[in-house]
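**Q** Pasted the sequence and its predicted model underneath.
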Amino acid sequence: MNAFSRFGFLTTAITYLLIFAGGLVRVSGAGMGCPDWPKCFGRWFPPTSVDQLPAHIDPVLFNFTLAWIEYVNRLLGMVTGLLIAALAVWAIARYRRVRRIVWPAVVAALLVAFQGWQGSQVVASHLEPGVVTVHLILALVIVSLLIWVTLQAWFHDNRETGRQAGYPRATRKLALLLWIVALVQIGLGTQIREALEIVRRQLPLATPADWYAAVGAINHIHLFLGLALAGLTWFVGHRLLTRSREPHILAVQSMVTMMVLVGFQIALGFGFILLGIPAILQLLHQWVAALYIGLILILFVATGRSRKRRY
(Lines give C-alpha, C1' and ligand atoms only; values in the text may rest on other atoms or scores of the structure.)
Protein backbone atom coordinates (compact mmCIF):
# COMPACT_ATOMS: atom_id res chain seq x y z
CA MET A 1 0.00 0.00 0.00
CA ASN A 2 1.09 3.57 -0.66
CA ALA A 3 0.61 6.31 1.94
CA PHE A 4 -2.90 7.25 0.74
CA SER A 5 -4.14 3.65 0.79
CA ARG A 6 -2.67 3.12 4.26
CA PHE A 7 -4.39 6.27 5.48
CA GLY A 8 -7.65 5.09 3.90
CA PHE A 9 -7.29 1.73 5.63
CA LEU A 10 -6.62 3.47 8.97
CA THR A 11 -9.61 5.75 8.52
CA THR A 12 -11.83 2.79 7.68
CA ALA A 13 -10.60 0.85 10.74
CA ILE A 14 -11.29 3.79 13.06
CA THR A 15 -14.73 4.23 11.51
CA TYR A 16 -15.45 0.59 12.31
CA LEU A 17 -14.23 1.24 15.85
CA LEU A 18 -16.72 4.11 16.02
CA ILE A 19 -19.52 1.81 14.85
CA PHE A 20 -18.53 -0.62 17.61
CA ALA A 21 -18.53 2.22 20.15
CA GLY A 22 -21.99 3.26 18.94
CA GLY A 23 -23.22 -0.29 19.47
CA LEU A 24 -21.71 -0.28 22.96
CA VAL A 25 -23.54 2.97 23.71
CA ARG A 26 -26.84 1.37 22.74
CA VAL A 27 -26.51 -1.93 24.59
CA SER A 28 -25.13 -0.26 27.72
CA GLY A 29 -27.95 2.28 27.81
CA ALA A 30 -25.50 5.17 27.54
CA GLY A 31 -27.38 6.90 24.71
CA MET A 32 -28.54 9.60 27.12
CA GLY A 33 -25.40 9.38 29.28
CA CYS A 34 -24.85 12.98 28.20
CA PRO A 35 -28.34 14.49 28.01
CA ASP A 36 -27.15 17.55 26.09
CA TRP A 37 -25.11 18.05 22.88
CA PRO A 38 -22.36 18.89 22.02
CA LYS A 39 -21.51 19.39 25.69
CA CYS A 40 -22.02 16.80 28.42
CA PHE A 41 -23.97 18.11 31.41
CA GLY A 42 -23.05 21.61 30.31
CA ARG A 43 -19.31 20.80 30.28
CA TRP A 44 -16.80 20.08 27.52
CA PHE A 45 -15.53 17.19 29.64
CA PRO A 46 -17.98 14.96 31.53
CA PRO A 47 -18.21 15.53 35.28
CA THR A 48 -16.53 13.01 37.52
CA SER A 49 -18.89 13.53 40.47
CA VAL A 50 -22.35 14.89 41.24
CA ASP A 51 -20.73 17.97 42.81
CA GLN A 52 -19.57 19.11 39.35
CA LEU A 53 -23.07 19.15 37.85
CA PRO A 54 -24.59 22.51 36.90
CA ALA A 55 -27.26 23.72 39.29
CA HIS A 56 -30.09 23.24 36.77
CA ILE A 57 -29.24 19.55 36.12
CA ASP A 58 -31.08 16.85 38.08
CA PRO A 59 -28.40 14.69 39.81
CA VAL A 60 -30.55 11.62 39.13
CA LEU A 61 -29.64 11.94 35.44
CA PHE A 62 -25.92 11.53 36.11
CA ASN A 63 -24.18 8.17 35.80
CA PHE A 64 -20.37 8.35 35.67
CA THR A 65 -19.86 5.22 33.54
CA LEU A 66 -22.61 5.97 31.04
CA ALA A 67 -21.56 9.60 30.68
CA TRP A 68 -17.99 8.66 29.83
CA ILE A 69 -19.04 5.89 27.42
CA GLU A 70 -21.15 8.40 25.51
CA TYR A 71 -18.40 11.03 25.70
CA VAL A 72 -15.76 8.66 24.28
CA ASN A 73 -18.20 7.78 21.50
CA ARG A 74 -18.59 11.47 20.63
CA LEU A 75 -14.84 12.08 20.85
CA LEU A 76 -14.17 9.14 18.55
CA GLY A 77 -16.80 10.51 16.18
CA MET A 78 -15.00 13.84 16.03
CA VAL A 79 -11.65 12.16 15.30
CA THR A 80 -13.27 10.02 12.60
CA GLY A 81 -14.83 13.08 10.98
CA LEU A 82 -11.47 14.86 10.83
CA LEU A 83 -9.80 11.79 9.32
CA ILE A 84 -12.47 11.44 6.64
CA ALA A 85 -12.23 15.15 5.81
CA ALA A 86 -8.45 14.80 5.50
CA LEU A 87 -8.88 11.76 3.26
CA ALA A 88 -11.20 13.73 0.96
CA VAL A 89 -8.74 16.63 0.70
CA TRP A 90 -5.90 14.20 0.00
CA ALA A 91 -7.98 12.41 -2.66
CA ILE A 92 -8.67 15.72 -4.42
CA ALA A 93 -4.98 16.65 -4.32
CA ARG A 94 -3.63 13.27 -5.45
CA TYR A 95 -6.35 11.81 -7.68
CA ARG A 96 -8.12 14.93 -8.94
CA ARG A 97 -8.74 13.34 -12.35
CA VAL A 98 -9.84 9.95 -11.03
CA ARG A 99 -13.53 10.50 -10.38
CA ARG A 100 -14.17 7.03 -8.96
CA ILE A 101 -11.84 7.99 -6.07
CA VAL A 102 -12.47 11.71 -5.63
CA TRP A 103 -16.27 11.78 -5.66
CA PRO A 104 -16.86 8.95 -3.14
CA ALA A 105 -14.27 10.53 -0.83
CA VAL A 106 -16.02 13.90 -1.03
CA VAL A 107 -19.45 12.32 -0.49
CA ALA A 108 -18.11 10.46 2.57
CA ALA A 109 -16.83 13.76 4.00
CA LEU A 110 -20.19 15.45 3.40
CA LEU A 111 -22.08 12.53 4.94
CA VAL A 112 -19.89 12.46 8.03
CA ALA A 113 -20.58 16.18 8.54
CA PHE A 114 -24.30 15.46 8.25
CA GLN A 115 -23.84 12.49 10.58
CA GLY A 116 -22.41 14.81 13.23
CA TRP A 117 -25.53 16.97 13.07
CA GLN A 118 -27.76 13.91 12.96
CA GLY A 119 -26.07 12.68 16.15
CA SER A 120 -27.39 15.78 17.90
CA GLN A 121 -30.87 14.84 16.68
CA VAL A 122 -30.49 11.38 18.21
CA VAL A 123 -29.97 13.04 21.60
CA ALA A 124 -32.69 15.64 21.02
CA SER A 125 -35.20 12.93 20.08
CA HIS A 126 -34.34 10.95 23.24
CA LEU A 127 -33.29 7.94 21.14
CA GLU A 128 -36.37 7.78 18.92
CA PRO A 129 -36.03 4.44 17.05
CA GLY A 130 -36.32 5.88 13.54
CA VAL A 131 -33.62 8.47 14.20
CA VAL A 132 -31.31 5.84 15.69
CA THR A 133 -31.82 3.61 12.65
CA VAL A 134 -30.93 6.43 10.24
CA HIS A 135 -27.80 7.15 12.31
CA LEU A 136 -26.61 3.55 11.99
CA ILE A 137 -27.44 3.22 8.29
CA LEU A 138 -25.54 6.42 7.52
CA ALA A 139 -22.51 5.06 9.38
CA LEU A 140 -22.58 1.91 7.25
CA VAL A 141 -22.89 3.90 4.02
CA ILE A 142 -19.91 6.03 5.07
CA VAL A 143 -17.72 3.02 5.89
CA SER A 144 -18.71 1.47 2.55
CA LEU A 145 -17.57 4.61 0.74
CA LEU A 146 -14.26 4.53 2.62
CA ILE A 147 -13.66 0.91 1.61
CA TRP A 148 -14.47 1.81 -2.00
CA VAL A 149 -12.03 4.75 -2.01
CA THR A 150 -9.24 2.77 -0.37
CA LEU A 151 -9.53 -0.19 -2.76
CA GLN A 152 -9.91 1.95 -5.86
CA ALA A 153 -6.78 3.91 -4.90
CA TRP A 154 -4.86 0.68 -4.28
CA PHE A 155 -5.90 -0.82 -7.61
CA HIS A 156 -5.18 2.44 -9.42
CA ASP A 157 -1.63 2.53 -8.07
CA ASN A 158 -0.90 -1.17 -8.59
CA ARG A 159 -1.63 -1.88 -12.24
CA GLU A 160 -0.78 -5.36 -13.48
CA THR A 161 -0.95 -7.15 -16.83
CA GLY A 162 -2.36 -10.45 -18.05
CA ARG A 163 -5.71 -12.13 -18.68
CA GLN A 164 -8.93 -10.82 -17.23
CA ALA A 165 -10.50 -12.82 -14.40
CA GLY A 166 -13.67 -14.74 -15.16
CA TYR A 167 -16.49 -14.69 -12.61
CA PRO A 168 -19.93 -16.31 -12.77
CA ARG A 169 -22.46 -14.20 -14.62
CA ALA A 170 -24.18 -11.45 -12.61
CA THR A 171 -21.81 -11.86 -9.64
CA ARG A 172 -21.37 -8.11 -9.21
CA LYS A 173 -25.11 -7.48 -9.50
CA LEU A 174 -25.76 -10.10 -6.86
CA ALA A 175 -23.12 -8.52 -4.62
CA LEU A 176 -24.87 -5.17 -4.95
CA LEU A 177 -28.19 -6.86 -4.14
CA LEU A 178 -26.61 -8.41 -1.03
CA TRP A 179 -25.43 -4.97 0.10
CA ILE A 180 -28.89 -3.42 -0.30
CA VAL A 181 -30.70 -6.31 1.41
CA ALA A 182 -28.16 -6.29 4.25
CA LEU A 183 -28.78 -2.58 4.87
CA VAL A 184 -32.54 -3.19 4.98
CA GLN A 185 -31.99 -6.13 7.33
CA ILE A 186 -29.86 -4.04 9.68
CA GLY A 187 -32.49 -1.30 9.67
CA LEU A 188 -35.17 -3.83 10.62
CA GLY A 189 -32.91 -5.26 13.31
CA THR A 190 -32.47 -1.82 14.86
CA GLN A 191 -36.24 -1.33 14.94
CA ILE A 192 -36.70 -4.73 16.58
CA ARG A 193 -34.08 -3.97 19.22
CA GLU A 194 -35.83 -0.74 20.17
CA ALA A 195 -39.19 -2.52 20.29
CA LEU A 196 -37.74 -5.31 22.45
CA GLU A 197 -36.49 -2.79 25.00
CA ILE A 198 -40.02 -1.45 25.37
CA VAL A 199 -41.58 -4.92 25.58
CA ARG A 200 -39.03 -6.10 28.16
CA ARG A 201 -39.92 -3.18 30.42
CA GLN A 202 -43.63 -3.90 30.01
CA LEU A 203 -43.32 -7.69 30.45
CA PRO A 204 -40.29 -8.27 32.71
CA LEU A 205 -41.38 -11.78 33.72
CA ALA A 206 -42.09 -13.06 30.20
CA THR A 207 -39.78 -15.35 28.24
CA PRO A 208 -37.62 -14.17 25.31
CA ALA A 209 -39.98 -16.03 22.96
CA ASP A 210 -42.90 -14.03 24.41
CA TRP A 211 -40.99 -10.78 23.92
CA TYR A 212 -40.34 -11.58 20.28
CA ALA A 213 -43.98 -12.57 19.78
CA ALA A 214 -45.08 -9.22 21.24
CA VAL A 215 -42.90 -7.32 18.76
CA GLY A 216 -45.14 -8.48 15.94
CA ALA A 217 -44.77 -9.01 12.20
CA ILE A 218 -41.51 -7.09 11.85
CA ASN A 219 -39.75 -9.86 13.77
CA HIS A 220 -40.96 -12.50 11.28
CA ILE A 221 -39.89 -10.31 8.35
CA HIS A 222 -36.45 -9.89 9.93
CA LEU A 223 -36.11 -13.65 10.44
CA PHE A 224 -37.23 -14.50 6.91
CA LEU A 225 -34.99 -11.85 5.37
CA GLY A 226 -32.05 -13.05 7.44
CA LEU A 227 -32.43 -16.62 6.24
CA ALA A 228 -32.88 -15.40 2.65
CA LEU A 229 -29.74 -13.28 2.97
CA ALA A 230 -27.78 -16.25 4.30
CA GLY A 231 -29.04 -18.48 1.50
CA LEU A 232 -28.19 -15.91 -1.16
CA THR A 233 -24.74 -15.40 0.36
CA TRP A 234 -23.96 -19.11 0.26
CA PHE A 235 -25.38 -19.36 -3.27
CA VAL A 236 -23.15 -16.53 -4.53
CA GLY A 237 -20.21 -17.99 -2.60
CA HIS A 238 -20.62 -21.45 -4.07
CA ARG A 239 -20.79 -20.04 -7.60
CA LEU A 240 -17.80 -17.77 -7.12
CA LEU A 241 -15.59 -20.39 -5.47
CA THR A 242 -16.38 -23.20 -7.91
CA ARG A 243 -16.91 -21.40 -11.24
CA SER A 244 -14.47 -18.49 -11.24
CA ARG A 245 -11.34 -18.31 -13.40
CA GLU A 246 -8.32 -16.65 -11.80
CA PRO A 247 -10.35 -14.73 -9.18
CA HIS A 248 -8.67 -12.00 -7.21
CA ILE A 249 -7.55 -13.14 -3.77
CA LEU A 250 -9.63 -10.38 -2.14
CA ALA A 251 -12.77 -11.72 -3.81
CA VAL A 252 -12.10 -15.21 -2.48
CA GLN A 253 -11.20 -14.08 1.03
CA SER A 254 -14.14 -11.70 1.38
CA MET A 255 -16.60 -14.29 0.04
CA VAL A 256 -15.43 -17.05 2.38
CA THR A 257 -15.56 -14.69 5.36
CA MET A 258 -19.07 -13.57 4.42
CA MET A 259 -20.25 -17.17 4.29
CA VAL A 260 -18.86 -17.77 7.77
CA LEU A 261 -20.35 -14.55 9.17
CA VAL A 262 -23.91 -15.23 8.02
CA GLY A 263 -23.77 -18.61 9.74
CA PHE A 264 -22.50 -16.92 12.89
CA GLN A 265 -25.30 -14.34 12.66
CA ILE A 266 -27.94 -17.06 12.53
CA ALA A 267 -26.38 -18.70 15.59
CA LEU A 268 -26.47 -15.36 17.41
CA GLY A 269 -30.13 -14.96 16.51
CA PHE A 270 -31.01 -18.28 18.12
CA GLY A 271 -28.79 -17.31 21.06
CA PHE A 272 -31.07 -14.34 21.71
CA ILE A 273 -34.04 -16.64 22.22
CA LEU A 274 -32.16 -19.19 24.32
CA LEU A 275 -30.19 -16.79 26.52
CA GLY A 276 -32.61 -13.93 26.97
CA ILE A 277 -31.15 -11.33 24.57
CA PRO A 278 -27.97 -10.52 26.51
CA ALA A 279 -26.24 -7.22 25.74
CA ILE A 280 -23.00 -8.86 24.58
CA LEU A 281 -24.85 -10.83 21.89
CA GLN A 282 -26.63 -7.67 20.73
CA LEU A 283 -23.28 -5.92 20.38
CA LEU A 284 -21.77 -8.85 18.47
CA HIS A 285 -24.83 -9.11 16.22
CA GLN A 286 -24.54 -5.47 15.14
CA TRP A 287 -20.74 -5.60 14.83
CA VAL A 288 -20.80 -8.70 12.63
CA ALA A 289 -23.49 -7.11 10.45
CA ALA A 290 -21.28 -4.04 9.97
CA LEU A 291 -18.32 -6.23 9.02
CA TYR A 292 -20.52 -8.11 6.55
CA ILE A 293 -21.49 -4.82 4.86
CA GLY A 294 -17.83 -3.93 4.39
CA LEU A 295 -16.95 -7.34 3.02
CA ILE A 296 -19.66 -7.03 0.38
CA LEU A 297 -18.01 -3.81 -0.85
CA ILE A 298 -14.65 -5.58 -1.00
CA LEU A 299 -16.27 -8.41 -2.96
CA PHE A 300 -17.99 -5.96 -5.32
CA VAL A 301 -14.76 -4.10 -6.13
CA ALA A 302 -12.56 -7.21 -6.26
CA THR A 303 -14.82 -9.08 -8.70
CA GLY A 304 -14.05 -6.37 -11.22
CA ARG A 305 -10.33 -7.15 -10.88
CA SER A 306 -7.80 -9.92 -11.24
CA ARG A 307 -4.22 -10.24 -10.11
CA LYS A 308 -3.43 -10.80 -13.78
CA ARG A 309 -5.51 -8.08 -15.35
CA ARG A 310 -4.60 -4.69 -16.76
CA TYR A 311 -7.04 -2.03 -15.61
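**A** Yes, it's here.
**Q** State the distance from G189 to T80.
**A** Per C-beta to C-beta, to the nearest Å, G189 is found 23 Å from T80. For glycine as for every other residue, the C-beta is placed from the backbone atoms N, C-alpha and C.
**Q** Buried ones in the helix or strand where I221 lies, by neighbour count?
**A** When elements are assigned from DSSP states H and E, I221 belongs to helix 217-243. For helix 217-243, burial by neighbour count (16 or more other C-beta atoms under 10 Å) applies to 219, 222, 225-226, 229-230, 232-233, 236-237, 239-240.
**Q** Show me the shaky parts of this structure.
**A** 123-127, 129, 160-165, 305-311 (pLDDT under 70).
**Q** how about the residue of it most remote from its centre, what does it touch?
**A** Distance from the centre of the chain peaks at A55, with 38.2 Å (C-alpha atoms, centre = their mean). By C-beta atoms under 8 Å, 6 or more residues apart in numbering, the contact set of A55 is empty.
**Q** right, and the secondary structure at it would be what?
**A** coil (DSSP: H, G, I helix; E, B strand; the rest coil).
**Q** And it, its phi and psi?
**A** Per-residue torsions, A55: phi -60, psi -30 (degrees, to the nearest 10).
**Q** going forward can the numbers begin at 37, since that is how I track them
**A** Got it, first residue is 37 now, which makes that one A91.
**Q** quick one: it and F77, what's the gap?
**A** 11 Å.
**Q** now do G305
**A** For G305, the distance to F77 - C-beta to C-beta - is 37 Å.
**Q** Looking at the two, which is more packed in?
**A** F77 (19 against 16; other C-beta atoms under 10 Å).
**Q** my guess is that one contacts P95, does it?
**A** No - between F77 and P95 there is no contact under C-beta atoms under 8 Å: 10.1 Å.
**Q** what do the two both touch?
**A** L89.
**Q** what about the strands in the stretch 237-347 of the chain?
**A** Using DSSP state E, counting those that start in this stretch, the stretch 237-347 of the chain contains no strands.
**Q** is it true that R132 lies in a helix?
**A** No - read with three-state DSSP, R132 is coil and lies in no helix.
**Q** check contacts around the closest residue to it other than its chain neighbours.
**A** In space, and not counting its chain neighbours, R132 is closest to V138: 6.3 Å by C-beta to C-beta, 6 or more residues apart in numbering. Contact analysis of V138 by C-beta under 8 Å, 6+ apart lists 127-128, 131-132.
**Q** Give me the buried entries from these.
**A** Buried among the contacts of V138 (16+ other C-beta under 10 Å): 127, 131.
**Q** Which of the contacts of V138 sits closest to L213?
**A** Checking these against L213 by C-beta to C-beta gives A127 as the nearest, at 27.9 Å.
**Q** tell me the contacts of the closest one?
**A** So A127 contacts 40, 137-138, 141-142, 185, 189 (C-beta under 8 Å, 6+ apart).
**Q** can you give me the helices for the chain?
**A** Here the chain has its helices, by DSSP state H, at 39-64, 100-130, 135-160, 165-193, 207-238, 244-251, 253-279, 285-311, 315-338.
**Q** any idea what sits nearest T226, other than its immediate chain neighbours?
**A** T169 (4.4 Å).
**Q** ok, now V143?
**A** Nearest to V143 is L181, by C-beta to C-beta, 6+ apart, at 6.1 Å.
**Q** I figured the one you found hits P140, correct?
**A** Yes - using C-beta under 8 Å, L181 makes contact with P140 at a distance of 4.7 Å.
**Q** Which one's more surrounded, the two?
**A** L181 (24 against 20).
**Q** now the more buried one: how far from Q188?
**A** L181 is 10 Å from Q188, by C-beta to C-beta.
**Q** List the residues that are in contact with both of those two.
**A** With C-beta under 8 Å, 6+ apart as the test, L181 and Q188 both reach P140.
**Q** buried stuff in stretch 137-152?
**A** Those would be 137-138, 140-145, 147-148, 151-152, for stretch 137-152 by 16+ other C-beta under 10 Å.
**Q** How far away from the center of its chain is stretch 94-104?
**A** Relative to its chain's centre, stretch 94-104 lies at 27 Å (C-alpha atoms, centre = their mean, to the nearest Å).
**Q** what does that stretch contact?
**A** So stretch 94-104 is contacted by 64-66, 68-71, 76-77, 82-86, 89 (C-beta under 8 Å, 6+ apart).
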